[in-house]
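Asker: My questions are about this predicted structure, shown below with the sequence.
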Amino acid sequence: MTTRERTYTRANQQRAAQYAEIWIIAQPAEIAAMVQVASASGRLVYVGPPQLMGGEDTRHRRYLRLRTT
């Protein structure tokens with residue numbers, strides 16, 4: 001592995017360590033509360049669109065990307 005490749009790999013790992021990516025599965029009101037808290041704390045980076053779980057399940061699923069530091 002060249003020095004350039006090692007530097008690139010190290011930089012990518014540091015960028016990845018800055019964020020936590022999670023899927024939230026809950027009722028829409030519960031998800032809204034979680035998103036509001038994450039936004040107020042300044043950690044929220046991205047919120048995906050809500051997706052129905054399907055079938056008779058009334059819960060939704062959302063993707064969140066949060067800052068870890």
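Answerer: All right, it came through fine. Numbers count the residues shown, from 1 in each chain.

Asker: so V47 sits right up against Y63, yeah?
Answerer: Yes - between V47 and Y63 a contact is recorded at 7.3 Å, counting by CB atoms under 8 Å. All C-beta atoms are positioned from the backbone trio N, CA, C, and that covers glycine.

Asker: Neighbour count for the two, which is higher?
Answerer: Shown here are V47 and Y63; by other CB atoms under 10 Å, V47 has more neighbours (17 against 14).

Asker: pretty sure A38 belongs to a helix, no?
Answerer: Yes - under DSSP: H, G, I helix; E, B strand; the rest coil, A38 sits within a helix.

Asker: Near it, how many residues? Count them for me, please.
Answerer: For A38, using other CB under 10 Å, the count is 18.

Asker: Excluding sequence neighbours, find me the nearest residue to it.
Answerer: L44 (4.1 Å; CB to CB, 6 or more residues apart in numbering).

Asker: Pull out the C-alpha coordinates of the one helix or strand R65 maps to and format them as PDB.
Answerer: Secondary-structure element containing R65, defined by DSSP states H and E: strand 57-67. What follows is strand 57-67, C-alpha atoms only, in PDB (Å, rounded to 0.1, in the frame of the first residue of the first chain):
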ATOM      1  CA  ASP A  57     -48.000  -2.500  11.300                       C
ATOM      2  CA  THR A  58     -48.700   1.200  11.800                       C
ATOM      3  CA  ARG A  59     -45.100   2.100  12.600                       C
ATOM      4  CA  HIS A  60     -42.800   4.100  10.400                       C
ATOM      5  CA  ARG A  61     -39.100   3.800   9.700                       C
ATOM      6  CA  ARG A  62     -36.700   6.700   9.200                       C
ATOM      7  CA  TYR A  63     -33.000   6.900   8.500                       C
ATOM      8  CA  LEU A  64     -31.000   9.400  10.700                       C
ATOM      9  CA  ARG A  65     -27.500  10.500  10.400                       C
ATOM     10  CA  LEU A  66     -26.100  12.100  13.500                       C
ATOM     11  CA  ARG A  67     -22.800  13.800  14.500                       C
END
